[in-house]
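Colleague: When you get a sec, could you give me coordinates for this:
(chains A and B)
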Amino acid sequence: MAKKFDLNEMEVWDGNYASSQALRQAQVDVVAAYPITPSTPIVEGYGAYKANGYIDGEYVMVESEHAAMSGCVGAAAAGGRVATATSSQGFALMAEVLYQASGMRLPIVLCVVNRSLASPLNVRCDHSDMYLGRDSGWINIDAFNAQEAYDLPLCAFRIGENLGVRLPVMVHQDGFTTSHKAQNVSPLQDEVAYKFVGKYVPVDDMLDFSRPVTHGAQTEEDWHYEHKAKQHKALMDSAKVIDEVFAEFKELTGREYKRVETYMMEDAEVAMVVLGSSVETAILSAQQLREEEGIKVGIIAPRVFRPFPYDLIRDSIDMSPNLKAVVCMDKSAPGGAMGALFNEVSAAAYSTNNRPIMTNYIYGLGGRDFTINEIKRIMREQKAHADAGHITTEIQQFSGVRGPKLGFFTTRRD
Amino acid sequence: MSKGLQGTDKRGILELGAEEKIGWDAVPQGVVLHSFDGETSNSALLKPEDREYSEFSSYIASVASWRVIKPVYNRDICIDCQNCWVWCPDTSIISRDKQMLGIDYDHCKGCGVCVEVCPTNPKSLLMFGETTDNDESLANWPEKKKKAKK
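Modeller: Numbering: from 1, shown residues only, chains lettered A, B, ... in the order given. Predicted coordinates for the structure are as follows:
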């Protein structure tokens, strides 16, 4: 029997440590892991708990991230609660198996500590790994700080393992800015956390010898489409379960999560849509702009990136009758397109009443700092769009990059 | 070969799931195929023909069309040594109580391993063309070979 870990009401943890504590408290049956910066301390910490008797489950050290996720798929199909962590190149190596996990409907929890993708090689944060996995059929939840990097994995087990969902869940946090920054974290006691997560209920587990089962069968054109349609439906329908789990978590802890977080949107005339640790910087900047310059800035932060919260994005855009301009911040090299967040939020905004002016910024690639002053500059620009009634700059621009100004496409609306 | 050894009546006719093409709402959650209908606690102790294979078990499907040549079994020569049963990679040698009964032509893929490992002289299993009638093959069985003198 695993030992109880003594926890204070308030701990000083970084995001990685917070996530590894959440995995420990969930009493995971199998963690198959391979280290990579900046997510290493999650599985390193977990390994230490195992070595020191705080974990009953198995810890499997493998030779690559492909093997790590393969081990997770095997263990989940066998009938266990399973989790691991990765970043960047490791995430990219997992990519093939990510699709296996979701198609096989295995509720694995993956802590992704966001880091840019090479080349050039870089260990700092951007969201290229998150974006790489966005069509992989996983539920994607984003933690903006260390407390959330503790809370959301606990919710992730509940959501993914729900009998109507049975899908794998990624919990993202920003590399270094969240994963390595010590912050106040208020944890649950072990028994309270485990009670919330609940006992694992296996479905079609291979270790049930009374019901032999084949997992991961091949289908061709006659069946593949039906399976993918069913999988998509389950992912879309998981929104309701996410809402329910978040509501239960609020009841337990007082900490409230929504699929889309909004800040000061009720009377906003301009808004920024942003993910990750930049959200808190953006909120601070918005507060200052309101006080100092009277610009009514609001912030929209998708907490859940998949299933994409089309409904709540539209609600947040229509929250203020005066909303005129929205800028979407993409922290990933767009690879020859507008940013993904811009594309998806714009698609949702198209069927709102407000139909605000939509623009796109690429920012913070490879960990480039995103400052309060830069956010203020961008929001003043949105105010200029709003006042002019059309986009006064290029539609896609690059924030914080050295060299001549970089931007693409201009408006066709006069 | 007796009909009972062909398992269920559906065997050899049904392609996987082809009988009724259900929609996305009715396919199983995940890419999961159950081998048997309902629970089974003793399937390892049952002979294949007595098991409740599900429609989605590959035991129900025929792969006979993969074969271009087939093994033919000659009961008159066989010594029931079980070599072919042990070596067959597709469990397509049908043997009961250590007595060889014949070939499972629904699952045999014509690899010829059984012929290779047959120790009798002449062999009790030989490969013939897929379209050749088995009675014709048995009528043309080769004679016992004499050992070459040293």
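
Colleague: quick one: what helix or strand has residue A:63 in it?
Modeller: Here residue A:63 sits in a region with no helix or strand, counting by DSSP states H and E.

Colleague: tell me how far the ends of stretch A:389-405 are from each other?
Modeller: 23 Å (CA to CA, to the nearest Å).

Colleague: buried stuff in that stretch?
Modeller: A:391, A:392, A:393, A:394, A:395, A:396, A:397, A:398, A:399 (16 or more other CB atoms under 10 Å in any protein chain shown). From N, CA and C alone the C-beta is placed, and that goes for glycine too.

Colleague: which residues are contacting it?
Modeller: A:324, A:329, A:334, A:338-339, A:342, A:357-365, A:368-371, A:374, A:378, A:381, A:384-385, A:406-411, A:413-414 (CB atoms under 8 Å, 6 or more residues apart in numbering or on different chains).

Colleague: In strands, which of the residues you listed fall?
Modeller: Cross-referencing the contacts of stretch A:389-405 against strands under DSSP state E gives A:329, A:357, A:358, A:359, A:360, A:361, A:362, A:407, A:408.

Colleague: From those residues, keep the buried residues only.
Modeller: A:329, A:357, A:358, A:359, A:360, A:361, A:362, A:407.

Colleague: Determine which two of the residues you listed are furthest apart.
Modeller: A:357 and A:362 (18.0 Å; CB to CB).

Colleague: Also near chain B: which of the buried ones among the ones in strands among the contacts of stretch A:389-405, exactly?
Modeller: Among these, proximity to chain B is found for none (CB under 8 Å from any CB of the partner chain).

Colleague: Just name the closest of those to chain B, please.
Modeller: residue A:358 (33.3 Å; CB to the nearest CB).

Colleague: helices or strands up against the helix or strand bottoming out on mean pLDDT in chain A?
Modeller: Of all the helices and strands that make up chain A, strand A:213-215 has the lowest average by mean pLDDT, DSSP states H and E, namely a mean of 91. If contacts are counted by 3 or more CB pairs under 8 Å, 6 or more residues apart in numbering or on different chains; DSSP states H and E, strand A:213-215 sits against strand B:32-34.

Colleague: ok, 10 Å please
Modeller: Secondary-structure packing of strand A:213-215 (3 or more CB pairs under 10 Å, 6 or more residues apart in numbering or on different chains; DSSP states H and E): helix A:65-78, strand B:32-34.

Colleague: In chain A, where is pLDDT below threshold?
Modeller: By pLDDT under 70, the weakly predicted segments of chain A are A:413-414.

Colleague: longest single helix anywhere in it?
Modeller: helix A:224-253 (DSSP state H).

Colleague: Which of the residues in that one are classified as buried?
Modeller: Of all the residues in helix A:224-253, those buried under the rule 16+ other CB under 10 Å are A:226-227, A:230-231, A:234-235, A:238-239, A:241-243, A:245-246, A:249, A:253.

Colleague: picking that back up, from the buried residues of stretch A:389-405, which land in helices?
Modeller: Applying DSSP H to the buried residues of stretch A:389-405, no entry is found in helices.

Colleague: Restricted to strands, list these.
Modeller: Those of these lying in strands (DSSP E): A:396, A:397, A:398.

Colleague: Report all helices and strands that the longest helix of chain A contacts.
Modeller: Secondary-structure packing of helix A:224-253 (3+ CB pairs under 10 Å, 6+ apart): helix A:88-103, strand A:139-142, helix A:146-161, helix A:190-197, strand A:304-306, helix A:310-317.

Colleague: what sits against the most far-flung residue of chain A relative to its centre?
Modeller: Distance from the centre of chain A peaks at residue A:210, with 38.1 Å (CA atoms, centre = their mean). Taking CB atoms under 10 Å, 6 or more residues apart in numbering or on different chains, we find residue A:210 in contact with B:36, B:38, B:39, B:40, B:41, B:42, B:43.

Colleague: near chain A, which of those residues show up?
Modeller: B:36, B:38, B:39, B:40, B:41, B:42, B:43 (CB under 10 Å from any CB of the partner chain).

Colleague: Distance-wise, check the third one relative to residue A:214.
Modeller: Read that as residue B:39. 16 Å (CB to CB, to the nearest Å).

Colleague: who's more crowded, these two?
Modeller: Higher neighbour count among residue B:39 and residue A:214: residue A:214, with 16 against 10, using other CB atoms under 10 Å in any protein chain shown.

Colleague: quick one: contacts for the nearest residue to that one once chain neighbours are set aside?
Modeller: Nearest residue to residue A:214 in three dimensions, chain neighbours excluded: residue B:33, at 4.3 Å (CB to CB, 6 or more residues apart in numbering or on different chains). By CB under 10 Å, 6+ apart, the residues touching residue B:33 are A:204, A:212-217, A:219, B:16-17, B:54-58.

Colleague: ok, now with 8 Å
Modeller: A:213, A:214, A:217, B:54, B:56, B:57.

Colleague: my guess is residue A:50 meets residue A:60, correct?
Modeller: No. Assessed by CB atoms under 8 Å, residue A:50 is found out of contact with residue A:60, at 10.6 Å.

Colleague: now stretch A:88-103, how far from the chain's geometric center?
Modeller: 15 Å (CA atoms, centre = their mean, to the nearest Å).
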